[in-house]
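Enquirer: below: sequence and its predicted model.
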Amino acid sequence: MTRKELFKNTLRKSVHAWKLINELPLSDDESLMLRHFMDQPGFLDLHWRMFVPAIKGQGTEEQKQKWLPLANKMQIIGCYAQTELGHGSNVQGLETTATFDPQTDQFILHSPTQTSSKWWPGGLGKVSTHAVIYARLITDGKDHGVHGFIVQLRNMDDHSPLPGITIGDIGVKFGNGAYNSMDNGFLMFDKFCIPRDQMLMRLSKVTREGKYVPSDVPRQLMYGTMVSVRQTIVSNASIAMARAVCIATRYSAVRRQFGSQNGGIETQVIDYKTQQNRLFPLLASAYAFRFVGEWLKWLYTDVTQRLEASDFATLPEAHACTAGLKSMTTSATSDGIEECRKLCGGHGYLWCSGLPELFAVYVPACTYEGDNVVLQLQVARFLMKTVSQLGSGKAPAGTTAYMGRAKHLLQCRSSIRKAEDWLNPAMVLETFEARALRMAVSCANNLSKFENQEQGFSELLADLVEAAIAHCQLIVVSKFIVKLEGEIKGKGVKNQLKNLCYIYALHLIHKHLGDFLSTNSITSEQASLANHQLRSLYTQVRPNAVALVDAFDYTDHYLGSVLGRYDGNVYPKLFEEALKDPLNDTVVPDGYHEYIRPLIKQHLRSARL
Ligand SMILES: CCCCCCCC/C=C\C/C=C/C(=O)SCCNC(=O)CCNC(=O)[C@H](O)C(C)(C)COP(=O)(O)OP(=O)(O)OC[C@H]1O[C@@H](n2cnc3c(N)ncnc32)[C@H](O)[C@@H]1OP(=O)(O)O
Ligand SMILES: Cc1cc2nc3c(=O)[nH]c(=O)nc-3n(C[C@H](O)[C@H](O)[C@H](O)COP(=O)(O)OP(=O)(O)OC[C@H]3O[C@@H](n4cnc5c(N)ncnc54)[C@H](O)[C@@H]3O)c2cc1C
């Protein structure tokens, strides 16, 4: 499809999905699944996952009563317009202004510079009638920082931009289809006025007289919508990773190369230890991210309930966990999809393998809802704060509770003696805890050598990110182990999950061996025992690998992959797909008479001379 066709077709699908949601009718959770199976980025994502939650989280009761019924019935369509051309990560650096005019009781929205243009918001370019806009609030010449406002963008009769608004699509993005179904947009305000009651005023207010009244709740609640979406992105990472792994596993069982004895059949590539060493950790990650996603959903629900009761104690941890796990799981999934493409050899590069499109549509997850490095630095700040409070009498809680055992974890030596010890959950956990804590403490010690903490933080950014990743990996491993300790239905399922859990943990040890060795969390002998155990786990997973991806229950239609077909009938279908290509519509291609023939003839002439 051309971009215009793709965009219009996504509108058609979105509206059809919305019709089904109402007609069937579907619950909120079922609606999200329907959106998931629509399988294309579109304006509904932003409307439901960001615009509506932003109003719910930051609007007053009155504002919710006014706007939510309209949004819930989709009589208005909204997006989340925070990022600008010049600033995305640095939210405090946004330039759009919202200046209160006491004469008219209005805010004047203005884009003072080119870099202050809103740039990137999905659904903004062509669809949304409204947006939650983030702008610097100015009253009586004073800048109060960034706040949210509900703004109508387009005329409700003919969809034209309202006077004072310049709006459009930012252009083609990575890939052919992929994220191009979405109208990521730009927007500039030229002294555009909105009534005062369209500032989202749950967190802070501007009175009729123009007085700014800050709230007594943390200003970070303004970032609540991002926390909510980051949480869902973790579960989505599992879905995307599982999809790629399903394709690569099934195809690896079908594909044969080398190893033929006396004209017999060749070896299935899934039987090569190198293939297993690349594939099975990704299979394990798909399961691991699902379990950590379930746990994160619980954590998010818990913090939301606490916030409603004005208990803000767990907000920093919820922020650190959602930011860190969003970052870690999306980076691993993007890399994992690309690895699955390579695991499928040359055919993985064909569009009909389903992998190029999956990669192209998935990879911006490393950037949207917060650049992955910037988010790990938030985790690092949280860890440095926690380390600095050790010994102050305030016991670390939640995912940092292990830091409370710092005295032991800083000096303990791993008691792994044989390969099977690496299947002992307590020993594995202690290894990850020791490594995470020692990396964090080492960063804190290095930081303390700087007179200026901010300068020290800048200097140590790379180490801090690694410490944050170590902490996040510990969370994922520990939640997988907790899952195994709970009730698991199905004969033999627990054993399979156990294998995957230890593959997940041990492959991380192998991958980050430098960390584990340099922190003395394990010795090189213990590392080689871990590798030995890992190989043994691969052998155990091998006979069940296809069943473990079938368990994701993805239909062929959803997978959209010739290589990942359930029936394994890959080669005839590759031919079928090839023959569908428009280049094969004619035997002699367009351009033959114009370019190929004259070229060949010229050579023939010179050959005769
Ligand atoms: C089926 C598929 C469905 C997929 C679903 C996805 C659908 C949507 C897909 C795409 C849409 C994409 C949308 C977007 O991208 S929206 C824009 C997202 N933008 C960002 O994420 C920007 C990233 N930047 C930030 O979040 C912040 O600016 C920052 C955290 C990097 C820094 O903030 P700043 O105010 O400068 O703070 P400080 O660093 O000074 O920290 C202050 C203090 O606040 C704490 N804190 C920061 N953020 C939060 C938060 N969210 N919640 C709670 N607390 C927070 C921070 O830790 C500091 O704490 P302190 O040290 O104790 O002071
Ligand atoms: C597909 C897609 C959809 C999007 N949808 C929306 C949307 O609906 N609404 C919306 O408001 N926005 C949206 N965005 C914007 C998105 O949220 C931002 O692009 C994102 O937050 C990253 O910000 P940035 O582009 O400013 O990156 P930058 O911050 O400019 O990052 C550039 C580089 O600088 C590094 N860097 C930046 N700051 C630091 C630091 N302090 N320390 C170390 N390194 C640093 C980063 O790691 C990165 O390598 C979308 C983006 C994409 C790609």
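Expert: Noted; the coordinates are in hand. Numbering: from 1, shown residues only. Ligands and ions are numbered 1, 2, ... in the order given.

Enquirer: going forward, measure contacts between C-alpha atoms and count neighbours the same way
Expert: Noted.

Enquirer: which SS state does the closest residue to residue 266 other than its chain neighbours fall under?
Expert: In space, not counting the residues next to it along the chain, residue 266 is nearest to residue 260; the distance is 4.3 Å by CA to CA, 6 or more residues apart in numbering. Going by DSSP: H, G, I helix; E, B strand; the rest coil, the secondary structure assigned to residue 260 is coil.

Enquirer: identify the residues contacting the helix or strand encompassing residue 35?
Expert: Here residue 35, judged by DSSP states H and E, is contained in helix 28-38. Defining contact as CA atoms under 8 Å, 6 or more residues apart in numbering, one finds that helix 28-38 is touched by 13-14, 17, 21, 558.

Enquirer: most neighbours, which of those residues?
Expert: Per-residue neighbour counts (other CA atoms under 10 Å) across the contacts of helix 28-38 peak at residue 14, which has 21 neighbours.

Enquirer: the residue lying closest to that one once chain neighbours are set aside sits in which helix or strand?
Expert: If the residues on either side of it in the chain are set aside, residue 14 comes closest to residue 44, at 6.8 Å by CA to CA, 6+ apart. Counting by DSSP H and E, the element that carries residue 44 is helix 43-46.

Enquirer: show me what that helix is packed up against.
Expert: Helix 43-46 is packed against strand 78-81, with contacts defined by 3 or more CA pairs under 8 Å, 6 or more residues apart in numbering; DSSP states H and E.

Enquirer: any residue of the strand it packs on up close to ligand 2?
Expert: Yes - Strand 78-81 lies within reach of ligand 2 by CA under 6 Å from any ligand atom, at 80-81.

Enquirer: pairing partners for whichever helix or strand comes after that strand, with directions?
Expert: Stepping forward along the backbone from strand 78-81, the first helix or strand reached (DSSP H and E) is strand 97-101. Using DSSP bridges, strand 97-101 pairs in its sheet with strand 106-110 (antiparallel), strand 130-139 (parallel).

Enquirer: and those as a markdown table, adding mean neighbour count?
Expert: Listed next are those as a markdown table, based on neighbours: other CA atoms under 10 Å:
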| stretch | mean neighbour count |
| --- | --- |
| strand 106-110 | 23 |
| strand 130-139 | 24 |
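
Enquirer: next, format these as TSV and append mean pLDDT.
Expert: Output for these, formatted as TSV (pLDDT from 0 to 100):
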stretch	mean pLDDT
strand 106-110	98
strand 130-139	98
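
Enquirer: to residue 74, which of those strands lies closest?
Expert: Go through those one by one with CA to CA and the one that ends up closest to residue 74 is strand 130-139, at 11.0 Å.

Enquirer: ok, then the element right after that closest one?
Expert: Elements were assigned by DSSP H and E; along the chain past strand 130-139, the next helix or strand is strand 142-152.

Enquirer: starting at the chain centroid, how far to that following strand?
Expert: Averaged C-alpha coordinates place strand 142-152 at 27 Å from its chain's average position (CA atoms, centre = their mean, to the nearest Å).

Enquirer: would you mark the buried spots in it?
Expert: Along strand 142-152, these residues count as buried under the neighbour rule (16 or more other CA atoms under 10 Å): 145-152.

Enquirer: picking up where we left off before, next one: the residue nearest to residue 266 from residue 267, what distance?
Expert: Note on residue 260: its distance to residue 267, by CA to CA, to the nearest Å, is 7 Å.

Enquirer: of these two, who's got more company?
Expert: When residue 260 and residue 267 are compared on other CA under 10 Å, the one with more neighbours turns out to be residue 267, at 17 against 11.

Enquirer: state the distance from the more buried one to residue 350.
Expert: Note on residue 267: its distance to residue 350, by CA to CA, is 23 Å.

Enquirer: also residue 172?
Expert: Taking CA to CA as the measure, residue 172 and residue 350 are separated by 21 Å.

Enquirer: count the residues that sit near the residue nearest to residue 379 when sequence neighbours are not counted.
Expert: Counting by CA to CA, 6+ apart, the nearest residue to residue 379 once its immediate chain neighbours are dropped is residue 320, at 4.9 Å. For residue 320, the count of nearby residues is 24 (other CA under 10 Å).

Enquirer: pretty sure residue 320 contacts residue 384?
Expert: No - counting by CA atoms under 8 Å, residue 384 is not a contact partner of residue 320; they are 11.9 Å apart.

Enquirer: how about the residues of the protein that lie near ligand 1?
Expert: Among all residues of the chain, those adjacent to ligand 1 (criterion: CA under 6 Å from any ligand atom) are 36, 45-46, 82-83, 88-92, 220, 223-224, 227, 233, 315-316, 319, 368-370, 374, 378.

Enquirer: give me the buried subset of those.
Expert: In terms of neighbour count (16+ other CA under 10 Å), the buried residues within the residues of the chain next to ligand 1 are 45-46, 82-83, 88-89, 91, 224, 227, 233, 315, 319, 368-370, 374, 378.

Enquirer: run through those residues and flag the ones next to ligand 2.
Expert: Checked against ligand 2 using CA under 6 Å from any ligand atom, these give the following subset in range: 82-83, 88-89, 368-370, 374.

Enquirer: okay, the residues you listed in TSV with pLDDT next?
Expert: Supplementary listing: those in TSV, determined by pLDDT from 0 to 100:
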residue	pLDDT
82	98
83	98
88	98
89	98
368	98
369	98
370	98
374	98
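
Enquirer: which one of those residues is nearest to residue 527?
Expert: For these, the nearest to residue 527 is residue 374 (31.2 Å; CA to CA).

Enquirer: surely that closest one forms part of a helix?
Expert: Yes - going by three-state DSSP, the assignment for residue 374 places it inside a helix.

Enquirer: name the nearest residue to it, sequence neighbours excluded.
Expert: Leaving out its chain neighbours, the residue that sits closest to residue 374 by CA to CA, 6+ apart is residue 89, at 7.2 Å.

Enquirer: what residues does this protein put near ligand 2?
Expert: Proximity of the chain to ligand 2 (CA under 6 Å from any ligand atom) is limited to residues 80-83, 87-89, 120-122, 364, 367-371, 373-374.

Enquirer: circling back to that earlier point, between all of the ones next to ligand 2 among the buried ones among the residues of the chain next to ligand 1, which two are separated the most?
Expert: In terms of CA to CA, these reach their longest pairwise distance at 82 and 374, which sit 16.3 Å apart.

Enquirer: which residues touch residue 211?
Expert: Residues near residue 211 by CA under 8 Å, 6+ apart: residue 139.

Enquirer: so it versus ligand 1, what's the distance?
Expert: For residue 211, the distance to ligand 1 (CA to the nearest ligand atom, to the nearest Å) stands at 23 Å.
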